[in-house]
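K.L.:
sequence first, then the predicted structure:
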Amino acid sequence: MTADGALGSASGRTTVSAGATLAFSGGVNYATPEPVTIAGAGLDGAGALSNLSGANVFAGPVTLGATPSIGSVSGSLKLTGILSGAAAWTKVGAGTVTLAATNTATGQVTVGAGALLVDGVSRVPVSIGDGAALGGTSARWERWAPPDRPE
């Protein structure tokens, strides 16, 4: 995705099926709030919603389908729309993903690589992999410790 509105209008809906990736690159501020539903790990495991390069912003609400991943290969992807759905999801890639809304998603989050920043609100269990990071200005998460890392 290299331009605002490339998916169509806010009244439309885009579905990213398992094995596909909706990717951003080049510093796009995608202000059109088009709803997107994502599922699966994306092309080559880069995430069903992914940042390839640059600092990109996506304003559409994102609904989590079956076993989704959100990634950032490099650079950063800021999601300003609401993240919703009950599926557990994974943050993948060495870059940064920022959640900037009051999210309603309820599934567990696994930060497998890179950084997940919360500048909004997310109240879900979270697991952080070795070398990954969780942070942000308003990080509000339930406490959860993996079995090998007691609280």
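P.N.:
Noted; the coordinates are in hand.

K.L.:
quick one: contacts for the spatially most central residue of the chain?
P.N.:
By C-alpha atoms, centre = their mean, the chain has its centre lying nearest to I70, at 3.9 Å. I70 makes contact with 38, 47-50, 62, 77, 79, 89-92, 97, according to C-beta atoms under 8 Å, 6 or more residues apart in numbering. C-betas here are computed from N, CA, C, even on glycine.

K.L.:
before we move on, which element is it in?
P.N.:
Using DSSP states H and E, I70 falls within strand 69-72.

K.L.:
average pLDDT for that strand, rounded please.
P.N.:
Taken as a whole, strand 69-72 carries a mean pLDDT of 97.

K.L.:
mind checking which helix or strand V97 is in?
P.N.:
strand 96-99.

K.L.:
how close does A41 sit to K78?
P.N.:
Per C-beta to C-beta, to the nearest Å, A41 is found 21 Å from K78.
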